[in-house]
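**Student:** this one's structure only:
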DNA sequence: CCATAATGTTAGCCTATACTAACAGAAATA
DNA sequence: TATTTCTGTTAGTATAGGCTAACATTATGG
């Protein structure tokens, strides 16, 4: 398959991923989740929730008890927690390291949390762990980055980074950006 | 709007973004681009390309000359190059810093390149510039990370990072991951 | 210069995912 | 208990974006 088409080839679509995570979160927050709770949480019609959740039941990510209360299957729990893990990691990276403002960090995270691979997610987690450690060298480097970012937006003509300006980061073909 | 719904609220959808970038790339590679060239490049039917590209013409991102050769409008050029810029930056981050394997880095990048905001993209660019600079402290820190990643996959019980293990990175609610 | 090939477009179909409207059954409450 | 409200579901509609098939037009080359 062409790489760009893998967009649609995820375990779960964007909406399905959010339905599943919503159920997970609702069970955590209030101990149970029904279709109407999911609808309210996600701001969609009850009918949409009903249909989307049934699709997840058919895929064996969720099941219903006799009173229509939703439960996570082991599979569903695993997948939901994978997504949540990526979300947490991404958001922290955007917010705490890149210093993206909280709302934008939330929006960006929400868009891509279910799209990054396990490999990338795991490596990002390791990176954040490392960059959040108390190691004095790490701390110093990060502080330098944040300080430079302030005095020198985008680090465009940054004295520290002038050796790696846009010219070296982008292949010649793209540099016509003008 | 609920944050999770902003997924659909981008300037361009996933497919439209790829159509636009394909035209940009084709013009760069072979000097021209027609619907059939885009179809071949993206592995889709000519009819799909035709319709998708007309949508981009209506939005004034592309125009056609009298022989149906496609041209980028200034708007289209700007948008395409924003996307390409994010793609380059993301891929370098995944590949050169996180050390994700090239194919997976490509897939992940392709999925999210058009989704990250300008703010996040700009901050990521600055970060990569900084992390790619010749600054000896930066180099040392990165090398330490890569070395630790090898000896200690995921940095799970890494001596350097034990102060910031999963427990501190994840809110209690999510830690039930088990 | 005519035949074959390539290209662009239209039409109809499919899936996914949202919506509203309508309605049946369960739960809550006056 | 009777009524109202909540819940779940179905039906029909819309949009987006793929697909194939068919056909007209344009290019290419024997």
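**Tutor:** That came in fine, so what should we check first? Predicted model, so just to flag it, every value in this text is computed and none were measured.

**Student:** nearest spatial neighbour of the most centrally placed residue in chain A, skipping sequence neighbours?
**Tutor:** Per Cα atoms, centre = their mean, the C-alpha nearest to the average position across chain A is that of residue A:113, at 2.3 Å. Take residue A:113 and drop its neighbours on the chain: the residue closest to it by Cβ to Cβ, 6 or more residues apart in numbering or on different chains is residue A:87, 4.0 Å away. C-beta: built from backbone N, CA, C; applies to glycine.

**Student:** do residue A:48 as well
**Tutor:** residue A:39 (7.0 Å).

**Student:** Buried residues of the host helix or strand of residue A:20, list them for me.
**Tutor:** Secondary structure from DSSP states H and E places residue A:20 in helix A:14-30. By 16 or more other Cβ atoms under 10 Å in any protein chain shown, the buried positions in helix A:14-30 come out as A:14-27.

**Student:** Quick one: classify the residue of chain A most remote from its centre as helix, strand or coil.
**Tutor:** Residue farthest from the centre of chain A, counting by Cα atoms, centre = their mean, is residue A:66 at 33.6 Å. On the three-state scheme (DSSP: H, G, I helix; E, B strand; the rest coil), residue A:66 is labelled coil.

**Student:** interface residues of chain A facing DNA strand C?
**Tutor:** For chain A, the residues in contact with DNA strand C under the definition Cβ under 7 Å from any atom of the strand are A:13-16, A:43-48, A:51-52, A:55, A:67.

**Student:** can you do 6 Å?
**Tutor:** For chain A, the residues in contact with DNA strand C (Cβ under 6 Å from any atom of the strand) are A:13, A:15, A:16, A:44, A:45, A:47, A:48, A:52, A:55, A:67.

**Student:** Which of the residues you listed sits closest to residue B:98?
**Tutor:** residue A:13 (25.5 Å; Cβ to Cβ).

**Student:** any idea how far that closest one is from residue A:123?
**Tutor:** To residue A:123, residue A:13 is 24 Å away according to Cβ to Cβ, to the nearest Å.

**Student:** try residue A:146
**Tutor:** 22 Å.

**Student:** between the two, which one's more packed in?
**Tutor:** Ranked by neighbour count (other Cβ atoms under 10 Å in any protein chain shown), residue A:146 and residue A:123 place residue A:123 first, with 25 against 12.

**Student:** Just the element for that one, please.
**Tutor:** Using DSSP H and E, residue A:123 maps to helix A:118-131.

**Student:** Need the phi and psi values for residue A:116.
**Tutor:** Backbone torsions of residue A:116, given as degrees, to the nearest 10, read phi -80, psi 150.

**Student:** Show me how far whichever helix in chain A runs longest is from its chain's centre.
**Tutor:** In chain A, taking DSSP state H as the definition, the longest helix is helix A:74-92. With Cα atoms, centre = their mean, to the nearest Å as the basis, helix A:74-92 stands 8 Å off its chain's centre.

**Student:** now do stretch A:132-149
**Tutor:** 24 Å.

**Student:** what does chain A put close to DNA strand D?
**Tutor:** For chain A, the contact set with DNA strand D under Cβ under 6 Å from any atom of the strand comprises A:34, A:35, A:36, A:46, A:47, A:50, A:51, A:68.

**Student:** correct me, but the second one touches residue A:48?
**Tutor:** The one in question is residue A:35. No. Using Cβ atoms under 8 Å as the test, residue A:35 is too far from residue A:48 to be in contact (9.4 Å).
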